[in-house]
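*Asks:* Sharing a sequence plus its predicted fold:
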Amino acid sequence: MNIEQARFNMIEQQIRPWDVLDAEVLELLHVVKRENFVPAAHKALAFADIEIPLPGGESMLAPKIEARLLQDLGLKKHETVLLIGTGSGYLAALLGHKAQKVTAVELSPELKALTEKNLADNGVTNVTVEQGNGAQGWTNGAPFDVIVVSGSLPVLPEALLQQLKVGGRLAVIIGQAPAMKAQLITRTGEAGYDTRTLFETNVKALASAVAPSQFKF
């Protein structure tokens, strides 16, 4: 496989058609080597338009979803990010290149170790990987400029909204299969939020996501 040709094809055939046209984001997809974050058994699928399997039944998001979220968040170099669910560390690496500091929270010890190794091997030094359940957010380091949830949530926990700074953005996929919506929620004031639907999709739920029936209104 010609790696660079495969990367070029991924960008031109999958990512650009999804309205990812930000030059910085497209350049970053060349800089952060996706194939370095894919388990050895699935290297040939590194640039495919699929969710790639990871240990413990988890998976990497499709490349176009990661790229679209990265673009629509509009990260600035001074900002702090909370990433809930690390996968293999690829999305954490992309976020790390755009932001000042990333706190990545992962429930699985195996994926935490994988993420830390992949980030170290690829020279990413501004991502801290914490082990824990981030489904209700993460108070250590809060409030954040940006929060990204790497799996879908059936409903949005209020705690995540509360951990955003005013002006901060939350990228999250809400709903249950087969109908889910990726949303960008911006905190406009102490009690004000602006919600924009980015696209419809269907992705694996975040491990430990709280089911609607468990919520008390």
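*Replies:* Sure thing, it's come through. Numbers count the residues shown, from 1 in each chain.
*Asks:* make it CA atoms for all contacts and neighbour counts henceforth
*Replies:* OK.
*Asks:* distance of the spatially most central residue of the chain from Ala67?
*Replies:* For the chain, the residue nearest the mean C-alpha position is Ser150 (4.1 Å; Cα atoms, centre = their mean). Distance, Ser150 to Ala67, using Cα to Cα, to the nearest Å: 12 Å.
*Asks:* element containing the residue nearest to the centre of the chain?
*Replies:* Element membership for Ser150 (DSSP states H and E) is strand 144-153.
*Asks:* counting contacts, what elements does the helix or strand where Leu83 lies pack onto?
*Replies:* Secondary structure from DSSP H and E places Leu83 in strand 80-84. If contacts are counted by 3 or more Cα pairs under 8 Å, 6 or more residues apart in numbering; DSSP states H and E, strand 80-84 sits against strand 101-106, strand 144-153.
*Asks:* Check which residues of the longest one are buried.
*Replies:* What that stands for is strand 144-153. Neighbour-count burial for strand 144-153, counted by 16 or more other Cα atoms under 10 Å, picks out 144-153.
*Asks:* Show me what secondary structure element comes after that strand.
*Replies:* helix 158-162.
*Asks:* ok now that next one, how far from the chain's centre?
*Replies:* Its chain's average C-alpha position is 17 Å from that of helix 158-162, according to Cα atoms, centre = their mean, to the nearest Å.
*Asks:* So which residues make contact with it?
*Replies:* 136-137, 143, 147, 170, 187 (Cα atoms under 8 Å, 6 or more residues apart in numbering).
*Asks:* just so I have it, where are all the strands in this protein?
*Replies:* In the chain, strands defined by DSSP state E lie at 52-53, 59-60, 80-84, 101-106, 127-131, 144-153, 164-176, 179-187, 193-201, listed in chain order.
*Asks:* got a list of what Thr86 touches?
*Replies:* 92, 104-106, 111-112, 115, 150.
*Asks:* want to throw the buried residues of strand 144-153 into a markdown table with distance to Leu75 and pLDDT?
*Replies:* Putting the buried residues of strand 144-153 into a markdown table (distance: Cα to Cα, whole Å; pLDDT from 0 to 100) gives the following:
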| residue | distance to Leu75 | pLDDT |
| --- | --- | --- |
| Phe144 | 12 | 98 |
| Asp145 | 9 | 98 |
| Val146 | 8 | 98 |
| Ile147 | 11 | 98 |
| Val148 | 11 | 98 |
| Val149 | 15 | 97 |
| Ser150 | 16 | 96 |
| Gly151 | 20 | 95 |
| Ser152 | 21 | 95 |
| Leu153 | 22 | 96 |
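*Asks:* hmm, back to that, any idea of the angle the strand holding Leu83 forms with strand 164-176?
*Replies:* 20 degrees (axes from the mean of the first three to the mean of the last three Cα atoms, to 10 degrees).
*Asks:* Cool, thanks, talk later.
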